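Asker: dropping the sequence and predicted coords here.
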Amino acid sequence: MEEVQKGVRGVKGVKILAAMMIIFTLIVASGCSAASNENSKSNSSADLATTSKAEGSVASESKADSKSNTATESPEAAAGASFGASETDPSIADDAGMNRKLIYRSNVAMQVDDYAKAQTLLKNIIHLSGGYLLKFDDKKTSAELGGTYTIKVPSSGFDSFLTALEKLKGSSYESSIEGTDVTEEYVDLESRMKARQVVEARLLSFMEKAVKTDELLKISNELGDVQTEIERIKGRMRYLDKNVAYSTIELRMYQQTVTEVPVVKEEKTGFLQSLQNALSGSANVVYAFIQGVFIFIAGALPVLLLLVVIGIPVYWAYRSNRRGKSNIASKVQVDEKIAEREAQDSAEPTPPTDDDKL
């Protein structure tokens, strides 16, 4: 019996030991899974930090390169970016081997003898140069015929186009040329685009590994902002490339339709000639005055006739009315005087006569 009890005790001990081993194994497994999750999160945050650091380093390197290129540019390299180099290629290689980006612009004003003919020749020159007309404003007045043109021509034929314009028949020709160096801006845009493309690739890889919805939304928003900035940079680079490839010419071409009156120089005259000029001037003034009086009378004659036709009857009616009133007034006055005299006579006593005394 004792041996059986010992055997039962041994079996129970083995079961207890096996249960303890199973519990320990579960604890170790749960700890390893939690550590792996933490490691994955830390790795993702480290990747994001590495990406931002890479972007900053690329941008700083691009700025440093552009500044060093600007600082090491020699006067000879700046002189090489003049107008004469535009005949071959607007992107000029300097001593450091970097292609320079130059945008040329010219303003031309020219007066021609025949505007219609010059306009036809201008269209032919634009067609032969491979350019195109971007804008046109026509102007026609009593003093001149002309127009304003905005022309885009290939930079390789910029100088030859201006030479062809100068050969057009005209009385005056004025031109000015301006060049803009956009190399530094273009290099900066390239560096920014490369940095943004690195960030875009990182975000795309994170999106493939992400499982949670909030993480996907966050990465998607950041990816949209990065792609929008990349497209903006590409658009600016395309704009610069187009303006470097095609130069702009602002042309004003006109023809004067009113001829200038030649100025006659006054010659010195003698005493007799001055006296004769004074007499002729006075005679001209008197003649002009008499002529003006007759012209005034001739012009006012119809009005005067109308006034006479209307005024004479009115005047006679006025005179007759006035005469009638004056006659009546004089008659009244006579009557009044007679009445007064009669009143006086009646008031005074008559002296007695001789017959009355007898």
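Answerer: Perfect, thanks for sending it.
Asker: quick check: Asp181 touching Lys101?
Answerer: Yes. Between Asp181 and Lys101 there is a contact under C-beta atoms under 8 Å: 7.1 Å. (Each C-beta comes from the backbone N, C-alpha and C, glycine too.)
Asker: the more surrounded of those two?
Answerer: Between Asp181 and Lys101, counting by other C-beta atoms under 10 Å, Lys101 is the more crowded of the two (22 against 16).
Asker: so the more buried one makes contact with Thr183?
Answerer: Yes. If you go by C-beta under 8 Å, Lys101 and Thr183 touch, sitting 4.8 Å apart.
Asker: any weak-confidence spans in this protein?
Answerer: Along the chain, segments meeting pLDDT under 70 span 1-98, 258-269, 347-358.
Asker: what are the ranges of the helices in it?
Answerer: 2-71, 75-79, 115-129, 158-166, 183-209, 213-245, 271-347, 354-357 (DSSP state H).
Asker: and the fourth one, what does it pack onto?
Answerer: Looking back up the chat, that one is helix 158-166. Helix 158-166 sits against strand 99-112, helix 115-129, strand 170-181, strand 246-256, with contacts defined as 3 or more C-beta pairs under 8 Å, 6 or more residues apart in numbering; DSSP states H and E.
Asker: contacts for that helix, please.
Answerer: Helix 158-166 is contacted from outside by 83-84, 86-87, 104, 106, 108, 110, 122, 125, 129, 131, 151, 153, 173, 175, 177, 247, 249, 251, using C-beta atoms under 8 Å, 6 or more residues apart in numbering.
Asker: in that helix, what's buried?
Answerer: Phe158, Asp159, Phe161, Leu162, Ala164, Leu165 (16 or more other C-beta atoms under 10 Å).
Asker: now that helix - C-alpha only, PDB.
Answerer: Backbone C-alpha positions of helix 158-166 (Å, rounded to 0.1, in the frame of the first residue of the first chain) are rendered in PDB as follows:
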ATOM      1  CA  PHE A 158      15.700  85.000 -81.100                       C
ATOM      2  CA  ASP A 159      18.600  87.000 -82.500                       C
ATOM      3  CA  SER A 160      17.800  86.200 -86.100                       C
ATOM      4  CA  PHE A 161      14.200  87.200 -85.700                       C
ATOM      5  CA  LEU A 162      15.200  90.600 -84.400                       C
ATOM      6  CA  THR A 163      17.600  91.000 -87.300                       C
ATOM      7  CA  ALA A 164      14.800  90.200 -89.700                       C
ATOM      8  CA  LEU A 165      12.600  92.800 -88.000                       C
ATOM      9  CA  GLU A 166      15.300  95.400 -88.300                       C
END
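Asker: contacting residues around Gly147?
Answerer: Shown in contact with Gly147 (C-beta under 8 Å, 6+ apart): Gln119, Phe136, Asp137, Asp138, Lys139, Arg252, Met253, Tyr254.
Asker: excluding chain neighbours, what is closest to the third one?
Answerer: Translated: Asp137. Thr148 (4.4 Å; C-beta to C-beta, 6 or more residues apart in numbering).
Asker: quick one: Glu178 and Ser106 touch, right?
Answerer: Yes. Applying C-beta under 8 Å, one finds Glu178 in contact with Ser106, separated by 7.3 Å.
Asker: tell me which of the two has more neighbours.
Answerer: Neighbours of Glu178 and Ser106, each counted by other C-beta under 10 Å, are more numerous for Ser106; the result is 22 against 11.
Asker: surely the more buried one meets Thr248?
Answerer: Yes. In terms of C-beta under 8 Å, Ser106 counts as a neighbour of Thr248; the distance is 7.4 Å.
Asker: quick one on the thing from earlier: what bridges to the residue nearest to Asp137?
Answerer: Asp137, Arg252 (DSSP bridges).
Asker: and it, what does it touch?
Answerer: Residues near Thr148 by C-beta under 8 Å, 6+ apart: Lys135, Phe136, Asp137, Lys139, Glu250, Leu251, Arg252.
Asker: and Thr120, by the same measure?
Answerer: Residues counted as contacts of Thr120 (C-beta under 8 Å, 6+ apart): none.
Asker: tell me, how many residues neighbour Ala245?
Answerer: Applying the criterion other C-beta under 10 Å, we find 15 residues in the vicinity of Ala245.
Asker: verify the stated contact: it with Gly157.
Answerer: No. In this structure Ala245 lies outside contact range of Gly157 using C-beta under 8 Å: 11.3 Å.
Asker: re the thing from before, and the furthest pair within the contacts of Thr148?
Answerer: Pairwise distances across the contacts of Thr148 peak at 14.5 Å for Lys139 and Glu250 (criterion: C-beta to C-beta).
Asker: what about these two, which has more around it?
Answerer: Using other C-beta under 10 Å as the criterion, Lys139 and Glu250 rank with Glu250 on top: 16 against 11.
Asker: and the gap between the more buried one and Asp114?
Answerer: Applying C-beta to C-beta, to the nearest Å, the value for Glu250 to Asp114 is 22 Å.
Asker: please apply the same query to Ile290.
Answerer: Noted for Ile290: a distance of 50 Å to Asp114, by C-beta to C-beta.
Asker: repeat that for Ser171.
Answerer: With distances taken as C-beta to C-beta, Ser171 is found 11 Å from Asp114.
Asker: looking at these two, which is more packed in?
Answerer: Of the pair Ser171 and Asp114, Asp114 is the one with more neighbours under other C-beta under 10 Å, namely 14 against 10.
Asker: what's near enough to touch that one?
Answerer: The contact partners of Asp114, by C-beta under 8 Å, 6+ apart, come to Lys169, Gln255.
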